[in-house]
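In: 3D, please:
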Amino acid sequence: MHLKHIKLYKDLRKKCKSHIIKVMMRKIYNIVRTARPRQWLKNLSVFAAPLFAGTLLDTEVLTWSLQAFVAFCAISSGAYFINDVIDAPKDRLHPIKKNRAIASGEVRPVTAIIIAVILISFSIIYSFAHLDDYFVFLLILYIVVQFAYSLFLRNAIILDSLVVASGFMMRVLAGGFASRTSISSWIILTTIGISMLMAFGKRRSEKTILAKLSDNPSEVETRKTLRHYPDNLLDSMISISASYTILTYSLFTFMTSPEEIGGKISAVLPSVLKTPKLMMLTIPLVIYGIARYLYVIYEKGEGESPERVLLSDKPLLSTVLLWALSVFLIIYVFPGLN
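Out: Numbering: from 1, shown residues only. As a prediction, the model looks like this:
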């Protein structure tokens, strides 16, 4: 009888231990989910300046860029925790967002705020210790803008999209400051275009989803700003942004300063034809990538999350990877031909 009790006790303790482990793993999973690691793809923008400057493989520059990437991952995740705490009441009325960890009660608001403070504090302190002061300034500006967006800027039509787009711009500038790299004005102009395209494309897809759920009153209640966006306005802004991006990127590839071809032939050629300008070979990839993104927005209605689109749409992902490989080869493997 005594042995039977011991066995029951051991079985009970094993079950309790297993339950505790499952609960802890679920808590960790929901915390990681709230941190939005998939959104860290946006933070790859900090590598843009040194990549195009041809200095990314320099050990010191690469270290600074990686540190900037870590800092932005931490502070952006902290911003998502705060955003979800603020949005929790409305998210509970949303057919999809109600499953978010904070809205569903899986993560307590107090816990989320504590984690956010830790992440934001770590990001700023770490950056202050290792990176440029201008980078720290942009990092603080970024989190201030995110707070303002979560509290009231998201309710201002057009301005809300411009704020979303500004996040990409700040990442590119911050990457230049962190790596002590001069940023090409054409990179800045191209970034403005692509960020506006993604921001307005996001709103267009959200509006498409809203139309599908228009018979749901609670959904309409959580999407007041979208109701004030005319379809024609969004379509026009998307068209303008796409054209602007292709134009500025094309000019960027053309205006880079490669080495000139020597010999007698260079004497009779106009200056614009003295170099191969291989970066221009990447223009078709950019055009196709933008066209594919527009297809996803209008035909598939999935542009509300650019990072999800990138990871799930194989043609778009393949194009981006091929573009990145082409740029790397042209700048770092065949620099004399560019």
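
In: what ranges do the helices span in the stretch 151-300 of the chain?
Out: Secondary structure of the stretch 151-300 of the chain (DSSP state H, counting those that start in this stretch): helices at 159-178, 185-212, 217-221, 231-255, 265-268, 283-295.

In: And for the stretch 1-150 of the chain?
Out: Applying DSSP H, counting those that start in this stretch to the stretch 1-150 of the chain gives helices spanning 2-35, 48-53, 59-91, 109-130, 133-151.

In: quick one, which of those helices is packed in tightest?
Out: Sort the helices of the stretch 1-150 of the chain by mean neighbour count, taking mean count of other C-beta atoms under 10 Å, and helix 48-53 sits at the top with a mean of 23. For glycine as for every other residue, the C-beta is placed from the backbone atoms N, C-alpha and C.

In: how about low-confidence regions in the chain?
Out: By pLDDT under 70, the low-scoring segments of the chain are 1-19, 94-96, 210-225, 256-276, 300-304, 335-338.

In: ok, now how distant is Ile124 from Phe72?
Out: Counting by C-beta to C-beta, to the nearest Å, the gap from Ile124 to Phe72 is 11 Å.

In: shared neighbours, the two?
Out: Both Ile124 and Phe72 are contacted by Leu139, under the criterion C-beta atoms under 8 Å, 6 or more residues apart in numbering.

In: what's the residue closest to the geometric middle of the protein?
Out: In the chain, the C-alpha nearest the mean C-alpha coordinate belongs to Lys42, at 2.2 Å (C-alpha atoms, centre = their mean).

In: My understanding was that it contacts Gly167; is that so?
Out: Yes - here Lys42 reaches Gly167: they are 7.1 Å apart, a contact under C-beta atoms under 8 Å.

In: residues in contact with Met170?
Out: Going by C-beta under 8 Å, 6+ apart, Met170 touches 138, 141-142, 145.

In: a markdown table please, covering those residues and showing distance to Leu322.
Out: Formatted as a markdown table, the contacts of Met170 follow (distance: C-beta to C-beta, whole Å):
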| residue | distance to Leu322 |
| --- | --- |
| Leu138 | 31 |
| Leu141 | 34 |
| Tyr142 | 30 |
| Val145 | 33 |
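
In: Please identify which of these is nearest to Arg180.
Out: Nearest to Arg180 among the contacts of Met170: Leu138, at 14.1 Å, using C-beta to C-beta.

In: now the closest one: how far from Thr59?
Out: 24 Å.

In: for Glu106, same thing?
Out: On the measure of C-beta to C-beta, Glu106 and Thr59 end up 42 Å apart.

In: cool, and Phe328?
Out: Phe328 is 17 Å from Thr59, by C-beta to C-beta.

In: likewise Leu197?
Out: From Leu197 over to Thr59 the distance is 34 Å, taken as C-beta to C-beta.

In: How is the protein divided into domains?
Out: According to automatic domain parsing, the chain comprises the domains 45-183, 184-214+231-254+275-338.

In: what's in contact with stretch 52-67?
Out: Against stretch 52-67 from outside (C-beta under 8 Å, 6+ apart): 46-47, 50, 126-127, 130-131, 175, 178-182, 184, 187, 327, 331-332, 335.

In: Show me how to select, in ChimeraX, the buried members of those residues.
Out: Listed next is the ChimeraX selection for buried residues among these, using 16 or more other C-beta atoms under 10 Å:
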select :46,47,50,126,127,130,131,175,178,179,180,181,184,187,327,331
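
In: What is the nearest of the contacts of Met170 to Tyr29?
Out: Distances from Tyr29 to the contacts of Met170, taken by C-beta to C-beta, are shortest for Tyr142, at 26.9 Å.
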